[in-house]
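> structure for this input, please:
(chains A and B)
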Amino acid sequence: MNLLIKNGRVIDPSQGLDDVADVLVEAGLVKEIGKDLKASAGVETIDATGKYVVPGLVDMHVHLRDPGLEYKEDIVSGTRAAVAGGFTSLVCMPNTKPAIDNKTVASYIINKAATEGFCNVFPVGCITYGMGGERMAEMGELKEAGCVAVSDDGRPVANAELMRRALEYARGIGILVISHAEDLALVGEGVMNEGFTSTELGLKGIPRIAEDIATARDVMLAEYTNSPLHIAHVSTRGSVRIIREAKARGVKVTCETAPHYFTLTDDAVRGYDTNAKMNPPLREADDVAAIKEGLRDGTIDCIATDHAPHHLDEKDVEFNVAANGIIGLETSLPLSLKLVEDGILTINQLIEKMSFNPSKILGISRGSLRAGSVADLTVIDPSVEWTVDTETLASKSRNTPFAGWKMKGRAACTIRGGAVAFPRH
Amino acid sequence: MAEFKHRNIIALRDLTREDMELLLATAENMREINSRDIKKVPTLRGKTIINLFYEASTRTRTSFEIAAKRLSADTVNISPSTSSATKGETLADTALNLLAMKPDIIVMRHAVSGAHYHLAKKVSCSVVNAGDGAHEHPSQGLLDLLTIRDRFGRLDGLKVAIVGDIAHSRVARSDIQGLTKMGSHVFLAGPPTMMPPVVEKLGNVTVCATMREAIQDADVVIMLRIQQERQGKTLMPNAREYSRYFGLNPENLKLAKPGAMVMHPGPINRGVEMSSYVADGSQSHVLKQVENGVAVRMAMLYHVCGGELE
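Reported below is the predicted structural model:
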């Protein structure tokens, strides 16, 4: 089917484009962007007046829970949540059951996403077998199977020697290593950020340095081995500083943060709200300020969600035993648009961090509206006001600290490969 | 008498000074019952109280049980082992099953901070906290307040030193909340490995570099129990060194005001937190604390039931 998206503000950082224009989509590709394009017969027209038309959003950090933990989420529900949130591509982490440490699991995910999914799914393979931290997984075969990066996300590679070798080996193969930067000895039995709130609530704290030290270690290993490295879910001012300094030295390091780290502080844990329990934990006001500054000055390349669905039974329990993580696919865009409203990012920078940069970092051919590109597009209504109602979310899980929040802006229409994957009526 | 507006008592942080005054005043009345020949009044007759203790505790559980029985309530003690709880039934399921038996109050001890707030959301009966993780131990806090007030006739303007493992102590948190709201100034001392971050923000609290500084001219010295099995690994070298720098003995007790009170929530590691000379000495109020515990718990149970004194 062919599409003509009329009169939207077309924003495409890949070609420095920001103009009110029409976008013509033919045969699943972007055919042309221009003024007053005429629709020929059989072309569906979408009126995007007052809306942004951007390259489809790419979320480079999602947990789909499929295979093995489908009671939390599966490829169908997760990709449905993605397109409802404006994402046309997502990158899924390997901590499934079994883990994505072999070609078979990677192929299963790719095939199921292709036949039943609503958006593109690019899997991340493991750095180590079973994420056990002991033996490198077959990165070459994982890449061949379609994995776009390797990570033991959810667990750090504790052994520095192994991490060094993984970075070197991955460089040879041409696959990106994504680090879950966390020193487990410093985390100990911690369940929230270490600070005044943990003192008052009597909960064991996770100090910032648990993240900072691991970030510093992995950045130094990347520098020493001259290998590209991506740091996942940056949450501390220390990590931002370390990455900023490394980038200035020319280290090939990139990083992402998630909307909750620039939106919430550990105050959200008060009342022992398990929907505010995540890893890394919500930090403090000066960390939030540092994350925003890191986004503003370009230290932080991407906004990802770390969408981590959990069943109600895993959250409706005492705080210490509750699972870590929150869902994020359907709240990421409005929470990120707030950065534009607050003057921290321009809309162009935001789209860069939510589409172009993750595509570039992962080497996937997305994040651009250049003529001939795959027609993944998101039409964003920046002014619509809505309230997060957990009953209407597309994800199987409901674990969000943003329930009942008033939001501004959301995807009006998500187009994947030239076809409407999600219309909001 | 003022009205007590809380259905649950989970943390002294949630109570106002007036709430605490009321509980202390009631406890003083209850004390008279405990000195009678027949120590029983019909106040809570027909009420059912469940003592749900996920952590072992002899003194707190016994104290709550005696308190309930002196008010003529029926009590049931349940001690699910933490291991069997993690095997299957959740706290919420246990609570709902107990609730179906129509108790009026659940008194709970639990190893997880904040578990009582989780419980209180699930049940319609009253919830009384007998200790949750490293969060609060409000009955201990109130009995400490009562014991201190017995000695000085007031709680405002006192210098109270709390020494030991502040980070893991629910007693310390309740004491800090109670004492500072009542107008005392709390001085904390302990190894920095046992001092929680930004604890000064809890109220009128000063963190001291040394134990000496904390107990100098103190009216009250509260020593906390050291859980050797827990701290052995990384928080301190050993009990010997701990007692040298943070143990209370007749020598350093002289730094406090003459006749200063010595308190300890028990059970005492003799020779670690304090020497036997101090624990059994004339300045020790340890047994007085235990005695006041029953009266304070009677007051707590009474008020969450919303009853009238006859």
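> contacts only, for A:Asp313.
For A:Asp313, the contact set (CB atoms under 8 Å, 6 or more residues apart in numbering or on different chains) comprises B:Thr90. Backbone N, C-alpha and C define where each C-beta goes, glycine included.
> that one sits in which helix or strand?
A:Asp313 belongs to helix A:312-315 when assigned by DSSP states H and E.
> show residues contacting the helix or strand following that helix.
Using DSSP H and E, the helix or strand that follows helix A:312-315 in sequence is helix A:332-341. By CB under 8 Å, 6+ apart, the list of residues contacting helix A:332-341 from outside reads A:57, A:59, A:85-87, A:258-260, A:262-263, A:292, A:295, A:303, A:305, A:345-347, A:350, A:353-354, A:380, A:382, A:386, A:402, A:407-411.
> do stretch B:97-104 as well
Against stretch B:97-104 from outside (CB under 8 Å, 6+ apart): B:44, B:47-50, B:52, B:73, B:76, B:78, B:106, B:122-126, B:305.
> what are the buried residues along it?
B:98-99, B:103-104 (16 or more other CB atoms under 10 Å in any protein chain shown).
> most surrounded residue in the contacts of stretch B:97-104?
Among those, B:Ile49 has the most neighbours (other CB atoms under 10 Å in any protein chain shown), with 27 neighbours.
> surely it is within a helix?
No. Looking at B:Ile49 with DSSP: H, G, I helix; E, B strand; the rest coil, it is strand, so not inside a helix.
> can you map out the helices along chain A?
Using DSSP state H, the helices of chain A run over A:75-84, A:103-116, A:139-145, A:160-173, A:184-187, A:196-201, A:209-225, A:237-249, A:259-263, A:285-296, A:312-315, A:332-341, A:347-351, A:357-362.
> just the buried residues of the host helix or strand of B:Met298, please?
Using DSSP H and E, B:Met298 maps to helix B:286-304. Buried residues in helix B:286-304, defined by neighbour count with 16+ other CB under 10 Å: B:286, B:288-304.
> same thing with stretch B:199-217?
B:199, B:202-203, B:205, B:207-208, B:211, B:214-216.
> and the residues you listed, which is the shakiest by pLDDT?
Within those, the minimum per-residue pLDDT falls on B:Gly203 (93).
> who's in contact with the residue in the stretch 201-310 of chain B that chain A sits nearest to?
Nearest residue of the stretch 201-310 of chain B to chain A: B:Lys201, at 5.1 Å (CB to the nearest CB). Going by CB under 8 Å, 6+ apart, B:Lys201 touches A:196, A:199-200.
> what of B:Leu91?
A:317-318, B:85, B:110, B:115, B:118-119.
> enumerate the residues of the stretch 1-150 of chain B near chain A.
Contacts of the stretch 1-150 of chain B with chain A, taken as CB under 8 Å from any CB of the partner chain, map to B:13, B:86, B:90-92, B:110-115, B:117-118, B:132-136.
> I'd like the distance from B:Leu71 to B:Met30, if you could.
8 Å (CB to CB, to the nearest Å).
> mutual contacts of the two, please.
Common neighbours of B:Leu71 and B:Met30, using CB under 8 Å, 6+ apart, are B:298, B:302.
> so how far is A:Tyr261 from A:Arg237?
Applying CB to CB to A:Arg237 and A:Tyr261 gives a distance of 11 Å.
> with neighbour numbers in mind, choose between the two.
More crowded of A:Arg237 and A:Tyr261, by other CB under 10 Å: A:Tyr261, with 28 against 20.
> I figured the more buried one hits A:Arg283, correct?
Yes. Contact criterion CB atoms under 8 Å: A:Tyr261 and A:Arg283 qualify, at 7.0 Å.
> just for the stretch 251-400 of chain A, where's the confidence low?
For the stretch 251-400 of chain A, applying pLDDT under 70 flags no range at all.
> up against chain B, what does it have?
A:271-272, A:313, A:316-321.
> quick one: buried ones out of these?
A:272, A:316-320.
> returning to what we had before: let me have the buried residues of stretch B:97-104 in CSV, adding pLDDT as columns.
Output for the buried residues of stretch B:97-104, formatted as CSV (pLDDT from 0 to 100):
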residue, pLDDT
B:Leu98, 93
B:Leu99, 94
B:Pro103, 97
B:Asp104, 97
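> ok, so of the residues you listed, who is nearest A:Leu393?
B:Leu99 (30.6 Å; CB to CB).
> give me the next element, helix or strand, following the helix-or-strand element of chain B with minimal mean pLDDT.
Across the helices and strands of chain B, mean confidence by mean pLDDT, DSSP states H and E is lowest for helix B:82-87: a mean of 55. The C-terminal neighbour of helix B:82-87 among helices and strands, as given by DSSP H and E, is helix B:91-99.
> on that earlier part again, now do the shared contacts for A:Arg237 and A:Tyr261.
By CB under 8 Å, 6+ apart, the residues touching both A:Arg237 and A:Tyr261 are A:283, A:287, A:291.
> pretty sure A:Ile11 contacts A:Val20?
No. A:Ile11 is beyond contact range of A:Val20, at 10.4 Å (criterion: CB under 8 Å).
> looking only at neighbour counts, state which of the two leads.
A:Ile11 (22 against 14).
> who does that one form a beta bridge with?
A:Asp18 (DSSP bridges).
> residues contacting it?
A:17-18, A:52-54, A:347-348, A:351.
> which non-adjacent residue is nearest the residue in the stretch 251-400 of chain A that chain B sits nearest to?
Ranked by CB to the nearest CB, the top residue of the stretch 251-400 of chain A for proximity to chain B is A:Tyr272, at 3.4 Å. Distances taken as CB to CB, 6 or more residues apart in numbering or on different chains put B:Gly114 closest to A:Tyr272, at 3.4 Å, once the chain neighbours are dropped.
> I'd say that neighbour and A:Ala322 touch.
No. If you go by CB under 8 Å, B:Gly114 and A:Ala322 don't touch, sitting 10.4 Å apart.
> centroid residue for the chain?
All of this refers to chain A. Nearest residue to the geometric centre of chain A (CA atoms, centre = their mean): A:Ala304, 2.2 Å.
> next, the distance between the ends of stretch A:327-343.
Using CA to CA, to the nearest Å, the span of stretch A:327-343 from its first residue to its last is 26 Å.
> and it, what's buried?
Those would be A:327-340, for stretch A:327-343 by 16+ other CB under 10 Å.
> same question for stretch A:59-76.
Using 16+ other CB under 10 Å, the residues of stretch A:59-76 that count as buried are A:59-67, A:69-70, A:72-76.
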